[in-house]
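In: Based on what follows, work out the 3D shape:
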Amino acid sequence: MPGLSAYVGFIDICDPKKGEYVFVSSASGAVGQIAGQFAKLMGCYVVGSAGSDEKVDLLKNKLGFDDAFNYKKEHDLDAALKRYFMDGIDIYFDNVGGKMLDAVLLNMRQHGRIAACGMISQYDLEQSEGIHNLMNLILKNTRMEGFAVTNYFHLYPQFLDLTLPYIKEGKMVYIEDVVEGLESGPSALIKLFAGQTVGKQVIHVSNE
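Out: Below you'll find the predicted structure:
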């Protein structure tokens, strides 16, 4: 499911072109890690954001991102994005929403595309944060589209056709964060929403 989500959001919705500038938030997560690798395989320049220096290192040195930054160390997200995208962003794969989305809207290039896959920064808030820079969708002719992967299961064969050869050739990797036992489920869920996991959170229940 995370891989198909990356395929739908990045390949189907954003329709990437070689040489475009791509930003992925929560890039070390289950979906973000695949979306970023798709971007590189399509010949794009890709930068990811993550919540720790260890995750940033993982993005740059294992997952092949051109660059990455720890958003928790950035006091001004707009300035951070301008530092990594001096000419602006063509494609934003959004997994977090909130302040990051607001900053990205200021940095989109003309005719950019935003795939709204998730908004994890908003899930545990009593009241969602507002977005203030939506005018940029108009000023920069930007298209933003949300999606639920359950509406795209018909694309699963195409996703496999594209992805499996890359995995077999070692050109694409995926990372799982595995915990043992069903009793570990609640703590694993807390880790997920606290940003303490890397890749797909998996609970190994039994060998049988």
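In: average model confidence for the top helix by length along the chain?
Out: The single longest helix within the chain, with elements called by DSSP state H, is helix 156-168. For helix 156-168, mean pLDDT is 96.
In: Tell me which residues touch Ile34, please.
Out: By Cβ atoms under 8 Å, 6 or more residues apart in numbering, the residues touching Ile34 are Pro2, Gly3, Ser5, Ala6, Tyr7, Met172, Tyr174. For the C-beta atoms, the positions are set from N, CA and C on the backbone; glycine is no exception.
In: how about those residues, which pair is most distant?
Out: Ser5 and Met172 (15.1 Å; Cβ to Cβ).
In: Tell me which of the two has more neighbours.
Out: More crowded of Ser5 and Met172, by other Cβ atoms under 10 Å: Ser5, with 25 against 21.
In: which residues sit against the helix or strand harbouring the more buried one?
Out: Per DSSP states H and E: Ser5 is located in helix 2-6. Applying Cβ under 8 Å, 6+ apart, the contact partners of helix 2-6 are 29-32, 34-35, 38, 93, 117, 149, 152-153, 155-156, 159, 163, 174, 200.
In: Identify the residue nearest the geometric centre of the chain.
Out: Gly32 (3.1 Å; Cα atoms, centre = their mean).
In: Can you find the helix or strand in this protein with the smallest mean pLDDT?
Out: helix 185-193 (a mean of 67; mean pLDDT, DSSP states H and E).
In: Pull up the gap between Leu162 and Met172, please.
Out: 10 Å (Cβ to Cβ, to the nearest Å).
In: I should have written Val202 there, sorry.
Out: For Val202 relative to Met172 (Cβ to Cβ), the value is 18 Å.
In: which residues of this protein score low on pLDDT?
Out: 178, 184, 188-201 (pLDDT under 70).
In: Once you drop chain neighbours, what's closest to Asp90?
Out: Glu20 (3.9 Å; Cβ to Cβ, 6 or more residues apart in numbering).
In: scratch that, Ser26
Out: That would be Asn95: by Cβ to Cβ, 6+ apart, it lies 3.8 Å from Ser26.
In: Val31 is in contact with the one you found, correct?
Out: Yes. Shown here, Asn95 and Val31 form a contact pair, counting by Cβ atoms under 8 Å, at 6.1 Å.
In: which residues do those two both contact?
Out: The contact sets of Asn95 and Val31 overlap at Cys117, Gly118 (Cβ under 8 Å, 6+ apart).
In: And stretch 1-9, what's buried?
Out: Buried positions in stretch 1-9, judged by neighbour count with 16 or more other Cβ atoms under 10 Å: Pro2, Gly3, Leu4, Ser5, Ala6, Tyr7, Val8, Gly9.
In: And stretch 119-126, by the same measure?
Out: Met119, Ile120, Ser121.
In: contacting residues around the second one?
Out: This means Ile120. Ser26, Asn95, Val96, Gly97, Phe193.
In: Equivalent analysis for the first one, please.
Out: Met119 makes contact with Asp94, Asn95, Val96, Gly97, Gly98, Leu101, according to Cβ under 8 Å, 6+ apart.
In: May I ask which helix or strand encompasses Asp102?
Out: helix 98-105.
In: just the CA coordinates of that helix, formatted as PDB?
Out: Taking Å, rounded to 0.1, in the frame of the first residue of the first chain, the C-alpha atoms of helix 98-105 are listed here in PDB:
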ATOM      1  CA  GLY A  98       0.400  22.200   8.100                       C
ATOM      2  CA  LYS A  99       3.300  24.700   8.300                       C
ATOM      3  CA  MET A 100       5.300  22.800   5.800                       C
ATOM      4  CA  LEU A 101       2.600  22.900   3.200                       C
ATOM      5  CA  ASP A 102       2.200  26.600   3.900                       C
ATOM      6  CA  ALA A 103       5.900  27.200   3.300                       C
ATOM      7  CA  VAL A 104       6.000  25.100   0.200                       C
ATOM      8  CA  LEU A 105       3.200  27.100  -1.400                       C
END
